[in-house]
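> mind looking at a prediction? Sequence and model below.
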Amino acid sequence: METIKNNPIIKKLGFNRIILFIILLLMYGVFSVIIPGFASKARLMSILNYVYFLGFLALGVTFVIATGGIDFSIGPVMFCCALMAGYSLNTFGMPVIVSLLLTIAIGVCFGCFNGFLVAFVGVPPFIVSMATMNIAKGLGSVFTKTQSVSWPQSNDPSGNGWFRNLVKVNGIPTGLIALAIAAIVLYIVMNNTRAGRFILCLGSNKEAVRLSGVDVRKWQMLAYVICGTMAGIAAIFFVSAYTTVQPGLGDTYNNEAIASCVMGGTSMGGGLASIGGTLIGVFVISLLQEGIMAMRMTKEVQMIITGLIVIVFVYADVSARRRRN
Amino acid sequence: MGEVILTMDSIDKTFPGVHALDHVNFELRRGEVHALMGENGAGKSTLMKVLTGIYTKDSGTITFEGKEVEYHNTREAQDAGIVIVHQELNMVGDLTVAQNIFIGREFRKGIMIDDRKMIRESKKLFDELHIDIDPRARMSDLTVGKQQMCEIAKAISHKAKIIIFDEPSAALTEKEIEDLFTIIRGLRAQNLGIIYISHRMDEIKVITDRVTVMRDGTYVGTLITNDCTKEDIINMMVGRVIYEEPKTHSMVPDDAPVVLKVEHLNAGKMVQDVSFELRKGEILGFSGLMGAGRTETARALFGADPRQSGDIYINGRKVTINSPEDAVKNGIGYLSEDRKRFGIVVQKTITENSTLSTLKEYMAGLFINKKAEKTVTEQYIRELDTKTPGADQLVVNLSGGNQQKVVIAKWLVRNCDILIFDEPTRGIDVGAKNEIYKLMNRLAAEGKSIIMISSEMTEILRMSDRIIVMCEGKKTGEIPIEQATQEAIMDKATRDIG
């Protein structure tokens, strides 16, 4: 076992990530056997629709968790972005491209708001993001007068539905390409830039980094801005894949995104993060969600399972740290 | 000394990859204070953890009061009468003294906690020890010394027969150490067996009856304290002779320019109107008791804590330092007394730590030039003789002395001209200590200027070219090394204390 773990290729990829990937394949196999018709293209596309927006959410929150923080607002922020921009599109006749940019802009604003409060004012991330979660839900509801918003369909006579090509063109899952590009960019940011280096180091020991002459507040805030931006982008992929956005919802996605991170090996204690791991985690959660739906169980069952996953993986992380010390 | 109360015979313990205890022997008598000494990693703590049931031994026997015993957790050891007073105090700050002493075994009246009885019992314990502490006081309001006394009282309340002190004096003032010794002598008179772990050679001579020395997980030998010299003990610990001669004269040329001038620095209660100058190539020692405000002065100078007033001049130019960022820009580097909390990022590699304050210089456009980073790190690993398999090693896997070298490397990579060494050898074993000293001397000879804060008198006298003494937040003396004696320094360091 030890020799396998020390193999350079496996070390590079990460032993736990390989295991998780194998689990993912096994899960798909099991679902395909026990659920008739699960191994179909339609199901696969449905899983991927979920992977897109959850992927962007989880990639973003990976940066926040890497700083040792947490963001419980991403799901509602994503919905808030989709609601406000979609409402503007439908009601004020805003051009689609402007709406899409607005979506991202709102996400950036939420990220800045969270990041500023955490890094510069010193409010604990838990409190900030809980508050922001409610603000995002409330803002989305007030702005849309508590009505759900539907973004144009791809065959909309106005031609406004072109943005749906972001996830699918003639049956080709283009969203996967977008997500892959985002993951590669963020991998590089995390591992090869100053931002990533400082985010990881301050997640491990903020005071030591500060006393090295680094303006830690700036980099800590940046993590939340990245997270908010990704929530904005996630909103675009959500509305590209689904028809309607309802106000007052979105919190279940927080837990799913966070579960994806911890499964992939990002430590809740901060300082350790894996972009690749997060991505595999996202696939596991999305597959799970599709499987549960296919078995005609409710979303609530999935919430229970996601909750348990978070606890199990956080426990594994904590006990691994204890062993190391 | 009375009859033998505890014998540990041929204790063996292996962790994955480390033979932590290699057939170690230890014996303790009633009414003796027995020092357990050794460099860091020699196995002292492991041996005590085996004794108190935190670790299970692989082989060997423990005989306590004539019976072979084996404890599975500290609770069992406590109930049997073996209690440990930890280096880090395990007290709940918001509870009262009495509540802390009886935590987990509160007296009860029905279902209610009987606070009055706990206070009465605590009072009795303190009277026995001749300590004056109010059992109703909140723990966090007490000084560290008093908190330690409470730990001892708690230990005694367990009807202890053996008390283990793990570096009890590390955070105490001289006065508090004396009080501690009075208590320990009292416990010895009551025929308790006392195990005393400490790195401070002077204390060993004062308080202990016998010394057992360990090295690299093995038992080296046991000496009677009165019959041996400090050098004997050190030789057993390291297997070689180390000279600790004080410096006789300053190494700084008379015409060396002033590189740093601090005027009327004020920061809270702990830094009041502190002014001093530092010259090129000088090692300026900061001496004083715990809580004299030396670390606070350094942190205020470095911009780590806010300051109320004061001017700082570097090479004659007035500078503004409001954050560590400003300080580093002005060529100041700070090695904290608490390495793990303030010095290094333990879960990251040597490379990542070494370039932490210079990362900007190792960028190729937007990206980190990892090759260049590694090259410079490897250069300093060689130069400082850091013992590690490679630059990719996580710092957590290094020993204290080598971790310190990583922090030093960080500031050398930054090419800082002014270095503040705050307790540079705390928690570092004797061999590595010497290396750090040599390194500091070399840096000074190369023209770096060093502020060295140290609580160890021998270190101050050995390293400094000039000594500044602080007491209760004020500078109380400035002594050229030629005139410095322990007595002269102590006199200034305690000037205002009654």
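Yes, it's here. None of the values given here were measured: they were computed from a predicted structure.
> CA atoms for contacts and neighbours, from now on please.
OK.
> contacting residues for residue 277?
Unless you meant another one, I'm taking chain A. By CA atoms under 8 Å, 6 or more residues apart in numbering or on different chains, the contact set of A:G277 is A:R17, A:C261, A:M263, A:G264, A:G265, A:T266.
> you answered for a different chain; I wanted chain B.
Contacts of B:E277 (CA under 8 Å, 6+ apart): B:V258, B:V259, B:L260, B:K261, B:V262.
> quick one: which of the residues you listed is most hemmed in?
For the contacts of B:E277, the largest neighbour count, defined by other CA atoms under 10 Å in any protein chain shown, is 22 neighbours, found at B:L260.
> residue of chain A with the smallest distance to chain B?
Nearest residue of chain A to chain B, counting by CA to the nearest CA: A:G213, 3.8 Å away.
> wouldn't that residue be in contact with B:V328 here?
Yes: the criterion here is CA atoms under 8 Å, and A:G213 meets it with B:V328 at 5.5 Å.
> circling back: quickly find the element holding the spatially closest residue to the residue of chain A closest to chain B that is not a sequence neighbour.
Nearest residue to A:G213, sequence neighbours excluded (CA to CA, 6 or more residues apart in numbering or on different chains): B:E325, at 3.8 Å. Here B:E325 sits within helix B:324-329, counting by DSSP states H and E.
> tell me where the model's unsure across the chain.
No chain in the question, so chain A it is. Scanning chain A for pLDDT under 70 picks out A:1-5, A:323-325.
> please go with chain B instead
Within chain B, the stretches with pLDDT under 70 are B:16-18, B:40-41, B:87-89, B:170-171, B:238-245, B:495-498.
> what's the spacing between the residue nearest the centre of chain B and chain A?
A centroid search over chain B (CA atoms, centre = their mean) returns B:R426, at 4.5 Å, as the residue closest to the centre. The spacing between B:R426 and chain A, counted by CA to the nearest CA, to the nearest Å, is 17 Å.
> same deal with B:M452?
Using CA to the nearest CA, B:M452 is found at 17 Å from chain A.
> what do you get for B:H86?
18 Å.
> follow-up on the earlier one: and the residue nearest to A:G213, how far is that from A:F120?
According to CA to CA, to the nearest Å, B:E325 stands 16 Å off from A:F120.
> tell me which of those two has more neighbours.
B:E325 (21 against 13).
> near chain B, which residues of chain A show up?
A:192-194, A:197, A:201, A:204-205, A:207-215, A:271 (CA under 8 Å from any CA of the partner chain).
> now with 6 Å?
A:N192, A:T193, A:N205, A:E207, A:A208, A:L211, A:S212, A:G213, A:V214 (CA under 6 Å from any CA of the partner chain).
> which non-adjacent residue is nearest the fourth one?
Nearest in space to A:E207, with sequence neighbours left out and distances taken as CA to CA, 6+ apart, is B:F342 at 5.6 Å.
> for the helix or strand in which B:A298 is found, give me every contacting residue.
Of the helices and strands defined by DSSP H and E, B:A298 is found in helix B:294-302. Here helix B:294-302 makes contact (CA atoms under 6 Å, 6 or more residues apart in numbering or on different chains) with B:V271, B:D305, B:R307, B:P324, B:A327.
> near chain A, which of those residues show up?
Among the contacts of helix B:294-302, proximity to chain A is found for B:P324 (CA under 6 Å from any CA).
> can you put the contacts of helix B:294-302 in CSV and add distance to B:Q148 and neighbour count?
CSV is the format used below for the contacts of helix B:294-302 (distance: CA to CA, whole Å; neighbours: other CA atoms under 10 Å in any protein chain shown):
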residue, distance to B:Q148, neighbour count
B:V271, 26, 26
B:D305, 28, 16
B:R307, 31, 19
B:P324, 34, 26
B:A327, 36, 24
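> quote the end-to-end distance of stretch B:333-348.
End residues of stretch B:333-348 are separated by 20 Å (CA to CA).
> list only buried entries from the contacts of A:G277.
Burial by neighbour count, 16 or more other CA atoms under 10 Å in any protein chain shown: within the contacts of A:G277 this picks out A:R17, A:C261, A:M263, A:G264, A:G265, A:T266.
> quick one: the third one and A:G75, what's the gap?
With distances taken as CA to CA, A:M263 is found 18 Å from A:G75.
> cool, the fifth one as well?
Between A:G265 and A:G75 the computed distance is 21 Å (CA to CA).
> name the nearest residue to residue 64, ignoring sequence neighbours.
I'll assume chain A. With CA to CA, 6+ apart as the criterion, A:V64 has its nearest non-adjacent residue at 5.3 Å, and that residue is A:A223.
> try again with chain B
Excluding the flanking residues, the one nearest B:F64 by CA to CA, 6+ apart is B:L6, at 4.6 Å.
> thinking again about what came up before, looking at it, the residue of chain A closest to chain B is touching B:D326, isn't it?
No: when contacts are counted by CA atoms under 6 Å, A:G213 is not listed as touching B:D326 (7.2 Å).
> hang on, the earlier thing: out of the buried ones among the contacts of A:G277, which are inside helices?
Among the buried ones among the contacts of A:G277, the residues falling in helices (DSSP state H) are A:R17, A:C261, A:M263.
> any chance of those residues in a markdown table, with distance to A:V310 too?
Converted to a markdown table, these look like this (distance: CA to CA, whole Å):
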| residue | distance to A:V310 |
| --- | --- |
| A:R17 | 16 |
| A:C261 | 9 |
| A:M263 | 8 |
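> circling back to that earlier point, so which of the contacts of B:E277 sit within strands?
Applying DSSP state E to the contacts of B:E277, the entries found in strands are B:V258, B:V259, B:L260, B:K261, B:V262.
> can those residues go into JSON lines with extra columns for distance to B:I62?
Converted to JSON lines, the ones in strands among the contacts of B:E277 look like this (distance: CA to CA, whole Å):
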{"residue": "B:V258", "distance to B:I62": "61"}
{"residue": "B:V259", "distance to B:I62": "59"}
{"residue": "B:L260", "distance to B:I62": "58"}
{"residue": "B:K261", "distance to B:I62": "59"}
{"residue": "B:V262", "distance to B:I62": "58"}
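> just give me the closest of the residues you listed to chain A.
Comparing the ones in strands among the contacts of B:E277 against chain A with CA to the nearest CA places B:L260 closest, at 18.6 Å.
> residues of chain B that sit close to chain A?
So chain B meets chain A at B:P324, B:E325, B:V328, B:F342, B:G343, B:I344, B:V345, B:S357, B:F367, B:I368 (CA under 6 Å from any CA).
> max pairwise distance over these: which two?
B:F342 and B:F367 (26.7 Å; CA to CA).
> which one's more surrounded, those two?
Set side by side, B:F342 and B:F367 show more neighbours around B:F342, with 19 against 16, by other CA under 10 Å.
> what is the burial count for whatever residue of the stretch 151-300 of chain B ends up closest to chain A?
For the stretch 151-300 of chain B, the residue closest to chain A is B:R299, as judged by CA to the nearest CA, at 9.5 Å. Neighbourhood size, B:R299 [other CA under 10 Å]: 22.
> pop the domain breakdown of chain B in here.
Domain ranges of chain B: B:4-238, B:258-493, per automatic domain parsing.
> deepest-packed of the ones you listed, please.
domain B:258-493 (a mean of 20; mean count of other CA atoms under 10 Å in any protein chain shown).
> measure it end to end?
With CA to CA applied, domain B:258-493 spans 25 Å between its terminal residues.
> ok, the residue of chain A closest to chain B to B:K329 distance?
From A:G213 to B:K329 the distance is 8 Å (CA to CA).
> likewise A:W162?
Applying CA to CA to A:W162 and B:K329 gives a distance of 52 Å.
> in the strand or helix carrying A:V142, what counts as buried?
Assigned by DSSP H and E, A:V142 belongs to helix A:125-143. For helix A:125-143, the neighbour count (16+ other CA under 10 Å) marks A:125, A:127-129, A:132-141, A:143 as buried.
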